[in-house]
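Engineer: here is my input; please provide its structure:
(chains A and B)
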2 protein chains.
Amino acid sequence: MGFADHESIEFSQDLRKLHDHIVDSTNLLIFIFLLILVILTIWLFKHKRFPYLHETGLAIIYGSLFGIIIRYGFTRTNKKSLNLVANLTLNDIRDLPEYVYLAISNNTQQKFVYGYKHPKRTNELATQDFEEKATFDPEIFFNLLLPPIIFHAGYSMKKKHFFKNFGAILIFAIIGTTISSFVTGGIMYACISVFRSMKDYFSFTDCLFFGAIISATDPVTVLAIFNDHKTNVNLHALVFGESVLNDAVSITLAQAIEKYSGATGFKNQFDLYQFFDCVYTLIGVFFASFAIGSAMGCFTALLTKFTYIRQHPSLETALFILMSYSTFLASEAAGFTGIISVLFNGIVQAHYTFNNLSKESQTNTKEVFNLLNFLSENFIFIYIGITVFTYRSHQWEISFILFSIIAILTARACNIYPLSFLINLSRSNENKIDLKMQHFLFFSGLRGAMAFALAIRNTSTQARRLILSTTLVLVILTVIICGGLTSKMIEWLNMSKPTNSVNVDEDELDDYDEEDSNDGKEKSRLKSFLRKFNIFKAWYSFDRKFMKPLLTDHVPALTDTMPKFLTPITKFLTTNEQFNSSNQYSFSKLDNSNYVNQLSSTNSIVNKFDNTELQLNHDPLLA
Amino acid sequence: MGFADHESIEFSQDLRKLHDHIVDSTNLLIFIFLLILVILTIWLFKHKRFPYLHETGLAIIYGSLFGIIIRYGFTRTNKKSLNLVANLTLNDIRDLPEYVYLAISNNTQQKFVYGYKHPKRTNELATQDFEEKATFDPEIFFNLLLPPIIFHAGYSMKKKHFFKNFGAILIFAIIGTTISSFVTGGIMYACISVFRSMKDYFSFTDCLFFGAIISATDPVTVLAIFNDHKTNVNLHALVFGESVLNDAVSITLAQAIEKYSGATGFKNQFDLYQFFDCVYTLIGVFFASFAIGSAMGCFTALLTKFTYIRQHPSLETALFILMSYSTFLASEAAGFTGIISVLFNGIVQAHYTFNNLSKESQTNTKEVFNLLNFLSENFIFIYIGITVFTYRSHQWEISFILFSIIAILTARACNIYPLSFLINLSRSNENKIDLKMQHFLFFSGLRGAMAFALAIRNTSTQARRLILSTTLVLVILTVIICGGLTSKMIEWLNMSKPTNSVNVDEDELDDYDEEDSNDGKEKSRLKSFLRKFNIFKAWYSFDRKFMKPLLTDHVPALTDTMPKFLTPITKFLTTNEQFNSSNQYSFSKLDNSNYVNQLSSTNSIVNKFDNTELQLNHDPLLA
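Structural biologist: Modelled structure (predicted):
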């Protein structure tokens, strides 16, 4: 087939595309096949009650096996390439041409378009089709796979006992993660100071960057097994809450360090001005991301409260999912951190919007995000397994890996034990984080998807490649060792029985809401705890008196909680459902206001559909 | 920033990536925002009972508005590009270098990687960032957006009355679509023969290709409105069934014609050998795609029947979705047509696998595919609206568009009326497709997502660009005009009352299963209809005696339906649930076997969970 006519070039181009398409499909098919294998194996393990390997561990193992096959099972050929010199003088890479139109000497009429990709690295090696295709653009992790995982974590936060432990969780997440990052960074700097060969390409800021990304914990494996034992609810809330919020802290720290190292021109000298500039900007980015996420959450709550879209659950579910994903995109488009926005968006959606949804949408949104979370997570872990073998620029340094193991253990200890001591100072005796719980918190410091995604996002320098290779090892070691030992650990720490005398009441609603209730010690303890942290108390009161009545069909409504002179405005912001329930509320003045609220709002949804005024039938329990 | 060191190049590269990322995010954000707008507007229209605009019509309108903004609202700048001549002699495009490593004359150390994209077209115009980014790779439609739509169509096929009308549906889909393609092709050939300016670049095979892609109907708008009226179930089954199956026929024809025109070297002469070769290959591809889809469906059914994965509904749902998507990928990877595979996979999953799923998974899989279908469909229609304004190589020919409108009307008439006449010959009087129904079938020939996806897949030649532009016009015209007139049409045709005296029984199960029942005419009519088509009857019997007992927990089990000497094998393929229900079945020998099956299989799932032997409590209705 010659180059004579345009049509035959197009036909030839089609064949080329077809080949690419078949390679792409096969590659994705293998990933899906591995996911199916993971599912079937998990089922088998659950069926046979074999608790030593969790799905994420399995995903890594299957991924590695596939990685070995594509690494050693195919011969590699160099892709055809061509060296050309352009007669240009450039000062900045951004002035580079976007496209090169290449003409071939035997037919200069027809040109071929080449698009700019990236600067050439010195050690780019031969690859073959499969290997190249099995290497995803790291941005896929950040834009497609992580958002549903992080949103799901936030959306699952509406757990009893989570808000009770909110202070402790914040301390572990913010102060703890910062401690962990700097301790790890310091130990790694000691390492490169001892093994000086690394010092040529690994700076102190690289050490801190490594410290920040490796401080993001991911106890999914531990929690899955811990869940089956259903024992210590406070501990569960601590482990889960800390791991979710420390992702946000870890990503913020990593970005700050990256920005700092970029701004100082990669020199090994400390620049105070740049340092404070970065801290200032990054705190700004953190709060801006937080604000976008929360604002979009509140907007969704208002949208679902004041429209009757709940009458069409499919539309409502679609709206909810689109609003949540658009939060991520809006934050990224504005130059902030989408992952942080989506996390706080998830928390707000769970706290407010969820109450406005129809029963169907409540179930559907939960199921959809469960499913997306499951698929994304296992996809990432399969990819982690594959990357160990297919990534072509690994930078293995045994000494660095050994030091990093020591570093993460030390850093985790410096995080958990001193902070637990501090937290215990303000807690009553029955409510303390005891030593067993501290050991378990220490043990649950697995590394996972977030650390990997941060490490693979940028592998342009030798230092970054060393970080990626070491992170891979740490993720695999912690997931497989800690994951495998969880059941034993629960046994050893004798956690099968509750360690605290906590009133495990499945139907219990958000405790802090029931200020007027008087069912014993638990509440008064909570109160005394809250009294110590006035900021929390103020927030709870604000939430109950303003946010919940505004954003949901919560009772008492704004007309009851706000001063009378605001009535013209508050009336406008109160739905008929709230008015109905509110009258009922003032009439009965029951202690357990929250339960009435639940009941009456259910009834009022019935009202809405029937367009008739139903008499509220109270549960005899409440009479 | 100079080109001096590697680090600063990487930093500069990061800034470049950041810019791209922000443009990408903003672009996707706008799509999501338009989807949210569509949802809110649909809700408003439903709320205000305004039936003249369906969501797909809305999506097109919003898309167009956005298209106008990015077309006229931004100034266009040429992307920087560079012309280079390579000192190579090539005979085939596939020998082109994959990468060009470009060095810049003021720093020949550092090279930049450029990747091959496509042959340069003569009329490539200036674009700006947004416009370029808003133009997706057409493969996204085929690999991400169409599969869930088509699977959903197949998965929704388990509708009563669908199998009753199966013969008619097949005739409309296979014979009708072929007639429609050739009639359209012929009329368009007349058009280019009259307006000879087009004949230079538009061949007879292009006419046929256009005929094939434009014959794929998509009555989603009509059906949505028709559904609200819940009148003629047979007509619904006909419209829906035809539209689903004619996609498969249309895609097959289009591929055959494309292959033929490629093989004959784009000459305007008829090549009998190539013709038969293409027909032969494409029938092969059709059946291979069909076989992969059905086989994967049966495999999923076996997997869900013989494992107890239904005890873990989340795993089960994930497995089901992954198996379905892997069907698409497997078919594409093997070089067949994924869309066709996924369609038949959906039908098989609905017919067999669905019965094996837990209640939760039944709901969840339906909801998930509903959601995916809704989002994909509206995304495509928004994109259709945008493309009208942002596509830079439109080929508008008023005469071609006018002829094409006449062509699709004529072709639809040549499909519906003669074939209805033929079908009526074999139907009893009460069961005929009357003239009103024929008019409605004619009216429901909207063009939509499939026609657009086929048209945009390849726009390399001028002929193909003319096809794309014309298809866009036809899609928009039919969706907005027919969609808007549906309510009026139902009124005009007086369809608000059932035209056939059909027993509309919501709880009715697959009729053909109840061979022994004797509730009147309807069944005997069905029987007499089936008697005429022995192949259907044979299939129904085979399905009932072999496929259903093998692939689901259907009763009577294989041990009852197969010859006794096969018992060792059939016992192995029968679950405990089937044995239990089967004994019950032989004991009671009720007429309405299917209903017993439903009851007992529900009970046997309960058994499974309780691990106790429950006594089957029959519904008093059946006693």
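
Engineer: from the contact counts, what lies against the longest helix belonging to chain A?
Structural biologist: Secondary structure of chain A per DSSP state H: the longest helix is helix A:6-47. Applying 3 or more Cβ pairs under 8 Å, 6 or more residues apart in numbering or on different chains; DSSP states H and E, one finds that helix A:6-47 contacts helix A:55-72, helix A:129-133, helix A:359-390, strand B:107-119, helix B:313-333. Backbone N, C-alpha and C define where each C-beta goes, glycine included.

Engineer: please identify the most buried of these.
Structural biologist: Highest mean neighbour count of the helices and strands packed on helix A:6-47: helix B:313-333, a mean of 24 (counted as mean count of other Cβ atoms under 10 Å in any protein chain shown).

Engineer: now the angle from that helix to helix A:6-47?
Structural biologist: 150 degrees (axes from the mean of the first three to the mean of the last three Cα atoms, to 10 degrees).

Engineer: which residue is nearest the middle of chain A?
Structural biologist: Against the mean C-alpha coordinate of chain A, by Cα atoms, centre = their mean, the closest residue is A:I150 at 2.6 Å.

Engineer: which SSE is that one in?
Structural biologist: Element membership for A:I150 (DSSP states H and E) is helix A:146-155.

Engineer: touching that helix from outside, list them.
Structural biologist: The contact list for helix A:146-155, computed with Cβ atoms under 8 Å, 6 or more residues apart in numbering or on different chains, reads A:240, A:243-244, A:247, A:324-325, A:328, A:338-339, A:342-347, A:349-350, A:354, A:365-366, A:369-370, A:372-373, A:376-377, A:380, A:449-450, A:453.

Engineer: packing partners of the next helix or strand after it?
Structural biologist: Next helix or strand after helix A:146-155 toward the C-terminus (DSSP H and E): helix A:166-170. If contacts are counted by 3+ Cβ pairs under 8 Å, 6+ apart, helix A:166-170 sits against helix A:233-263.

Engineer: could you confirm whether the helix it packs on reaches chain B?
Structural biologist: Yes. Contact of helix A:233-263 with chain B (Cβ under 8 Å from any Cβ of the partner chain) involves A:G262.

Engineer: compute the inter-axis angle for that helix and helix B:6-47.
Structural biologist: Using the same axes, to 10 degrees: helix A:233-263 against helix B:6-47 is 130 degrees.

Engineer: for B:G167, find the nearest of the helices and strands packed on helix A:6-47.
Structural biologist: B:G167 lies closest to helix B:313-333 among these, at 26.4 Å (Cβ to Cβ).

Engineer: chain center to whatever helix or strand comes next after that closest one: distance?
Structural biologist: Going down the chain from helix B:313-333, the next helix or strand is helix B:338-348, by DSSP H and E. Remark: helix B:338-348 is offset 9 Å from the chain centroid, using Cα atoms, centre = their mean, to the nearest Å.

Engineer: and helix B:338-348 with helix B:313-333, angle?
Structural biologist: Using the same axes, to 10 degrees: helix B:338-348 against helix B:313-333 is 140 degrees.

Engineer: who's in contact with the helix or strand following helix B:338-348?
Structural biologist: The helix or strand immediately downstream of helix B:338-348 is helix B:354-356, counting by DSSP H and E. Applying Cβ under 8 Å, 6+ apart, the contact partners of helix B:354-356 are B:155, B:158, B:301, B:304-305, B:310, B:362, B:365, B:551-554, B:601.

Engineer: tell me the SS of whatever residue of the stretch 451-600 of chain A ends up closest to chain B?
Structural biologist: Going by Cβ to the nearest Cβ, chain B is nearest to A:S460 of the stretch 451-600 of chain A, at 4.2 Å. Look at A:S460: counting by DSSP: H, G, I helix; E, B strand; the rest coil, its state is coil.

Engineer: what sits against A:V85?
Structural biologist: Contacts of A:V85 by Cβ under 8 Å, 6+ apart are B:102-105, B:108.

Engineer: so A:L493 touches A:F442, yeah?
Structural biologist: No. At 10.8 Å, A:L493 does not count as touching A:F442 under the criterion of Cβ atoms under 8 Å.

Engineer: related to what we said a few turns ago, alpha carbons only: can I get the helix holding A:I150 in PDB?
Structural biologist: Coordinates of each C-alpha in helix A:146-155 appear next as PDB, following Å, rounded to 0.1, in the frame of the first residue of the first chain:
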ATOM      1  CA  LEU A 146      -9.400   8.400  44.700                       C
ATOM      2  CA  PRO A 147     -12.400  10.700  44.700                       C
ATOM      3  CA  PRO A 148     -15.000   8.000  45.200                       C
ATOM      4  CA  ILE A 149     -12.900   6.300  47.900                       C
ATOM      5  CA  ILE A 150     -12.400   9.500  49.800                       C
ATOM      6  CA  PHE A 151     -16.000  10.600  49.400                       C
ATOM      7  CA  HIS A 152     -17.200   7.200  50.600                       C
ATOM      8  CA  ALA A 153     -15.000   7.600  53.700                       C
ATOM      9  CA  GLY A 154     -16.600  11.000  54.400                       C
ATOM     10  CA  TYR A 155     -20.100   9.700  53.600                       C
END
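
Engineer: mean confidence for it?
Structural biologist: Mean pLDDT, helix A:146-155: 92.

Engineer: go on, stretch A:278-288?
Structural biologist: The pLDDT scores in stretch A:278-288 average 88.

Engineer: just the C-alphas of that stretch, formatted as CSV.
Structural biologist: What follows is stretch A:278-288, C-alpha atoms only, in CSV (Å, rounded to 0.1, in the frame of the first residue of the first chain):
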residue,chain,number,x,y,z
CYS,A,278,4.2,28.1,51.5
VAL,A,279,2.7,27.5,54.9
TYR,A,280,0.5,30.5,54.4
THR,A,281,-0.6,29.5,50.9
LEU,A,282,-1.2,25.9,51.9
ILE,A,283,-3.3,26.8,54.9
GLY,A,284,-5.2,28.9,52.5
VAL,A,285,-5.6,26.0,50.0
PHE,A,286,-6.7,23.7,52.8
PHE,A,287,-9.4,26.1,54.0
ALA,A,288,-10.5,27.0,50.5
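
Engineer: so which bits of that stretch are buried?
Structural biologist: Neighbour counts over stretch A:278-288 (16 or more other Cβ atoms under 10 Å in any protein chain shown) mark A:278, A:282, A:285-286, A:288 as buried.

Engineer: ok, stretch A:332-340 next?
Structural biologist: Neighbour-count burial for stretch A:332-340 flags A:332-334, A:336-340 (criterion: 16+ other Cβ under 10 Å).

Engineer: those also near chain B: which ones?
Structural biologist: With Cβ under 8 Å from any Cβ as the criterion, these include A:332-333, A:338 near chain B.

Engineer: returning to that earlier point: what about the residue nearest to the centre of chain A, distance to A:I347?
Structural biologist: Separation of A:I150 from A:I347 (Cβ to Cβ, to the nearest Å) stands at 11 Å.
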